[in-house]
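> Need coordinates for the below:
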Amino acid sequence: MSATGPGLVDIAREFLAAHDLSRRLFARHREGALRFEELEEFVGDDEGSVLFRLKERCHASFRAGAEHSLPMHREALFDLAVGSLFHEAMKFRENFYQREVYGPRVEALRSEAGAEEAALFDEFARIQEGVSARLEEGLAETEALLARSVDPLKSLLTAHREDPLVARFLVENAAAIESAFGQSIGDVLADIYGNAASGYLRAGYSLLRSGYYPEAVRALQLAAEQGAAAQETSRLVAYAHGMQAYLARDYAESVARLSDWADAADGEASDLSGLAHDAVVSIRQLAEGEDRERIVRAAGNLLSRIGGA
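Alright, predicted model coming up:
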């Protein structure tokens, strides 16, 4: 079974959160400032930890039905990487507990120990001697697995690049993507979509369909800067401005911008037309003031072009 749509995006989002949190926590560890309680957000046995959530979402998406058919190679590889990452991080967590919590308690009790307990405390000492080395090994393995999991994740995102949610996720999380992938967002989009313009354009269209109009304008402007056809981006920007004006109750501006969009579309069928149609119908009912007659007339003309006067 392969995660698609929101499922894959949720997995990628948890991975980015794990990458960011690990970077901050491990920096605190190297500074000698990390506390055990902080690790519980990173790795643990319940939904309170980001690596637990990531592991469980991968298992649910990539292992469901595996008894009937082998999972796809890229899904199986990423699932294996995440499972290994979780277990290495858990080992780091347990060794950190041994050193920072358990060790001081042992030392506090040693002063009260009798001769008959000496052998037990010697065993405690031997355990503690190896903790620091194991702790650093676990840290190195966890960081290495995080870094090496990026390519399988990128492969998954590439396999589902036709899903508009993927492009939108990448653009909306550009800074986190750049940090985890070690590339500019433009280069990541180019790797996945062939060129950055296509990625930004897909993200802009997805944002339009979801009603995030200012965000869509920004993505479309970036698409234009990266070489997307000006006619297409300007048409979609006009739609975004028209719908945003409708939400702001600037009905004259809304009809004007949606008319620009309809003129540029030149009768082209679009899944955006339904939302535009509903908005213009509402404008004819809601328009007020001295410009009402003109706005209603312009709205009627617009409806005849986008269907359903």
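> can we go C-alpha only for contacts and neighbour counts from here?
Noted.
> burial measure for G227, as a count.
For G227, the number of neighbouring residues by other CA atoms under 10 Å comes to 13.
> quick one: contacts for N95?
Taking CA atoms under 8 Å, 6 or more residues apart in numbering, we find N95 in contact with 131-132, 134-135.
> filter these to the buried ones?
Among the contacts of N95, those buried by neighbour count (16 or more other CA atoms under 10 Å) are 131, 135.
> a markdown table for the contacts of N95, including pLDDT, secondary structure and distance to A174?
Output for those, formatted as a markdown table (pLDDT from 0 to 100; DSSP: H, G, I helix; E, B strand; the rest coil; distance: CA to CA, whole Å):
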| residue | pLDDT | secondary structure | distance to A174 |
| --- | --- | --- | --- |
| V131 | 78 | helix | 38 |
| S132 | 80 | helix | 36 |
| R134 | 86 | helix | 35 |
| L135 | 87 | helix | 32 |
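> got JSON lines for the contacts of N95, with distance to S184 too?
What follows is the contacts of N95, written out as JSON lines (distance: CA to CA, whole Å):
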{"residue": "V131", "distance to S184": "38"}
{"residue": "S132", "distance to S184": "36"}
{"residue": "R134", "distance to S184": "35"}
{"residue": "L135", "distance to S184": "33"}
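> what sits up against stretch 214-234?
With contact meaning CA under 8 Å, 6+ apart, stretch 214-234 is reached by 171, 196-201, 203-208, 236-237, 240-241, 244, 264.
> can we see that at 10 Å?
By CA atoms under 10 Å, 6 or more residues apart in numbering, the surrounding residues in contact with stretch 214-234 are 168, 171-172, 186, 195-210, 213, 235-241, 243-244, 260-261, 264-265.
> got the end-to-end distance for it?
Counting by CA to CA, to the nearest Å, you get 14 Å between the two ends of stretch 214-234.
> Flag every buried residue along it.
By neighbour count on 16+ other CA under 10 Å, the buried set for stretch 214-234 is 214-217, 219-224, 226, 228, 233-234.
> So for it, mean pLDDT?
Average pLDDT, stretch 214-234: 96.
> again, but for stretch 91-103
82.
> cool, and stretch 281-292?
Mean per-residue pLDDT for stretch 281-292: 93.
> again with stretch 187-207
If you average the pLDDT over stretch 187-207, you get 97.
> What's the end-to-end length of that stretch?
Using CA to CA, the two ends of stretch 187-207 sit 21 Å apart.
> got the buried residues for it?
By neighbour count on 16+ other CA under 10 Å, the buried set for stretch 187-207 is 188-190, 192-193, 195-207.
> Stretch 40-51 now?
For stretch 40-51, burial by neighbour count (16+ other CA under 10 Å) applies to 40-44, 49-51.
> Ok, stretch 51-64 next?
So stretch 51-64, judged by 16+ other CA under 10 Å, has buried residues 51-63.
> Now for the protein, the helix or strand with the poorest mean pLDDT.
Across the helices and strands of the chain, mean pLDDT, DSSP states H and E gives its lowest value to helix 103-110, namely a mean of 60.
> rewinding a little: mark which of the contacts of stretch 214-234 are part of helices, please.
Among the contacts of stretch 214-234, DSSP state H puts 168, 171-172, 186, 196-210, 213, 235-241, 243-244, 260-261, 264-265 in helices.
> circling back: quick check: the farthest pair among the buried residues of stretch 40-51?
E40 and L51 (9.9 Å; CA to CA).
> So for these two, which residues contact both of them?
M90.
> Now do the contacts for N173.
Listed by CA under 10 Å, 6+ apart, the contact partners of N173 are 13, 16, 167, 185.
> Could you single out the nearest of those residues to A256?
Closest to A256, out of all of those and judged by CA to CA, is A167, at 29.5 Å.
> Give me the nearest residue to the closest one, chain neighbours excluded.
Counting by CA to CA, 6 or more residues apart in numbering, A167 lies nearest to A203, which is 4.8 Å off, once chain neighbours are set aside.
> pretty sure the one you found is in contact with A174, am I right?
No - contact criterion CA atoms under 10 Å: A203 and A174 do not qualify, at 11.8 Å.
> where does the chain have low pLDDT?
Applying pLDDT under 70 to the chain flags residues 1-6, 64-72, 102-129, 266-269, 307-309.
> redo that, cut-off 80
1-6, 63-73, 99-131, 265-270, 307-309 (pLDDT under 80).
> Please name every helix or strand in contact with the helix or strand hosting F52.
Assigned by DSSP states H and E, F52 belongs to helix 50-62. Here helix 50-62 touches helix 6-30, helix 36-42, helix 73-97, going by 3 or more CA pairs under 10 Å, 6 or more residues apart in numbering; DSSP states H and E.
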